[in-house]
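*Asks:* when you get a sec, could you give me coordinates for this:
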Amino acid sequence: MAGQLKVGVVSTQGVEKVISIVTPGESFGETGLFLKQRLPFYAKSINESQVLLLPEYIVDSLLNNYASIARKMHERLSASLHHMIHSVEVLSQQNAIGRFVVYLLQISTNANDAKSFMLPTRKSNIASILNITPETLSRSISTLQKVGLIEIKGGHITILDTVKLRNFLVHKQSESAIGNFDVKQAKASFRLPRPASQSDQADVTA
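*Replies:* Numbers count the residues shown, from 1 in each chain. Below you'll find the predicted structure:
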């Protein structure tokens with residue numbers, strides 16, 4: 001495929017929840033082939049996109065005749081399950097800023113440059129994935145900028161120190177702790193570099 005899709009669900013109250021972002025080289029909807037049920041989610045293009053639709057009979061033929069393709073499909077579904085379990089763990093155990101830090105660290109692992117990369121999608125979509133409001137995400141980004149752990153310009157993120165970012169994840173365990181967070185104390189304890197100037201900081205509202 002080309003472009004970018006968001007996969008999500010809509011609650012009975014009409015609230016949209018983004019589950020994941022599909023980018024070129026990725027696939028989605030495989031479970032519908034095996035469960036023979038209507039998929040419980042939707043896929044919507046975020047920008048101009050092209051998607052290759054494979055009919056069920058073609059996929060069945062490939063899986064039946066090519067063991068390597070069947071193994072790849074199994075690996076893909078296993079990875080999706082692992083990612084889903086990890087996401088549930090993060091959402092249940094981490095506060096808002098912790099969720100965003102985990103998200104950044106995951107992106108950095110797959111980026112060409114682990115310390116400098118573009119966010120893969122709009123901040124409103126990221127907030128939905130992390131099950132927080134866009135305003136809460138903006139406050140989380142602002143906190144990380146104030147203590148000098150990241151810099152953000154538009155959608156470009158720079159991690160100033162990965163080790164200190166991981167330590168910060170351990171240091172902050174609750175939203176109430178964030179509310180009482182002493183920036184000066186954090187700078188002293190983490191020995192952080194000077195944060196970006198006000199003119200360098202981008203508007204983080206989605």
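*Asks:* show me the domain layout of this protein.
*Replies:* 1-53, 54-93, 95-200 (automatic domain parsing).
*Asks:* which stretches of this structure form helices?
*Replies:* Along the chain, counting by DSSP state H, helices occupy 31-35, 56-65, 67-93, 96-110, 123-129, 134-146, 162-171, 175-179, 183-190.
*Asks:* winner for burial among these?
*Replies:* helix 123-129 (a mean of 20; mean count of other Cβ atoms under 10 Å). Every C-beta, even on glycine, is put in place using the N, C-alpha and C of the backbone.
*Asks:* for it, what is the distance to the chain centroid?
*Replies:* 8 Å (Cα atoms, centre = their mean, to the nearest Å).
*Asks:* return the list of helices and strands in contact with it.
*Replies:* Under the contact definition 3 or more Cβ pairs under 8 Å, 6 or more residues apart in numbering; DSSP states H and E, helix 123-129 sits against strand 16-22, helix 96-110, helix 134-146.
*Asks:* got a list of contacts for that helix?
*Replies:* 6, 8, 16-21, 46, 100, 103, 119, 133-134, 136-138, 155, 204-206 (Cβ atoms under 8 Å, 6 or more residues apart in numbering).
*Asks:* could you do stretch 157-171 as well?
*Replies:* 94, 98, 101-102, 104-105, 107-108, 114-119, 144, 147-152, 186, 190, 192-193.
*Asks:* just to revisit the earlier point, between the helices and strands packed on helix 123-129, which gets nearest to Leu81?
*Replies:* With Cβ to Cβ as the criterion, Leu81 lies closest to strand 16-22 of the helices and strands packed on helix 123-129, at 12.9 Å.
*Asks:* please save the CA atoms from the closest one in PDB.
*Replies:* Output in PDB follows, covering the C-alpha atoms of strand 16-22 (Å, rounded to 0.1, in the frame of the first residue of the first chain):
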ATOM      1  CA  GLU A  16     -13.700   7.300  17.800                       C
ATOM      2  CA  LYS A  17     -10.900   5.200  19.200                       C
ATOM      3  CA  VAL A  18      -7.800   4.700  17.000                       C
ATOM      4  CA  ILE A  19      -6.200   1.300  17.500                       C
ATOM      5  CA  SER A  20      -3.300   1.500  15.100                       C
ATOM      6  CA  ILE A  21      -1.800   3.300  12.100                       C
ATOM      7  CA  VAL A  22      -1.100   1.300   9.000                       C
END
